[in-house]
Every structure is written in C-alpha cells, then in structure tokens.
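J.: What follows is a predicted structure for the sequence shown.
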Amino acid sequence: MKTVVQSMKDVRAPFIGSTKSMADNYNGNGLIIFRFHFLVIVLLWVSSLYISSQRSLIIRILFPVFLLYLLLSLIDLIYLFLFPTILSIIAAVFIVMGIFAGTKEQKAY
C-alpha cells in the first residue's frame, strides 16, 4: 500500500495546462468536499433561525438540499462504501425532520 501511495505522489502528468499528481487530485477533491459540507452546515444553521418567520422560503431552500443528500447517498453507495452512505442518509433524515419540526411548532402557536 505504501508503494501505491508513494506512486500517486511521485508520478505527475499534464492535464488541462498544469502538471499534477493523483495525490494532488485526491487532496483537492477532499478539500472541496469539506468546504461544501461546511457551507451546507452554515446554510442549515442560518435556515433554522428563520424557519418560523420565512417558512415558505426556507422549505424551498431545504428541499433541494434534502434531495442532494439523497443523491449523495446513492453516489456514496455506488462509488465509495457504506459509512459515507449512512452519513448522507442521516443528514437527509435530519433535514426532513427539521422541515416537519417547524410545522409542528407553528401549529402549537
């Protein structure tokens, strides 16, 4: 395994105007994914502050995020392994719970 990892770091190839290794590619993808999930966390946090006053708008934002996480769980299952699949499904479930929790709070008032 160490040989494979070292080969991924050492072998560089030109691609669309720059020369990068496979390790560079995987590191870049990892950073992009981390920042994407951080952005979604911030989006969900800010949305939670306005769910009661701007419910219609927040649902229009949250529903596509829910669908995105369902799609991510399918991609995780096909291309990766079970752990990220489960995490994506849990995120989707929590988003839906947040949408419906807002509905129950509004009915109580």
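T.: In hand now; what should we look at?
J.: gap between the residue most central in space within the chain and Thr19?
T.: Central residue of the chain (C-alpha atoms, centre = their mean): His37, 4.4 Å from the mean position. According to C-beta to C-beta, to the nearest Å, His37 stands 29 Å off from Thr19. (C-beta placed from N, C-alpha, C; glycine too.)
J.: Strands of the protein, residue ranges please.
T.: If DSSP state E is used as the criterion, the strands of the chain fall at 12-15, 18-21.
J.: Just say which of these is most tucked in.
T.: The highest average neighbour count among the strands of the chain, using mean count of other C-beta atoms under 10 Å, belongs to strand 18-21 at a mean of 12.
J.: mind listing what that strand pairs with, with the direction of each?
T.: Using DSSP bridges, the neighbouring strands of strand 18-21 in the sheet come out as strand 12-15 (antiparallel).
J.: Leu74 is in contact with Pro84, correct?
T.: No. Pro84 sits out of contact with Leu74 when judged by C-beta atoms under 8 Å, with a separation of 11.2 Å.
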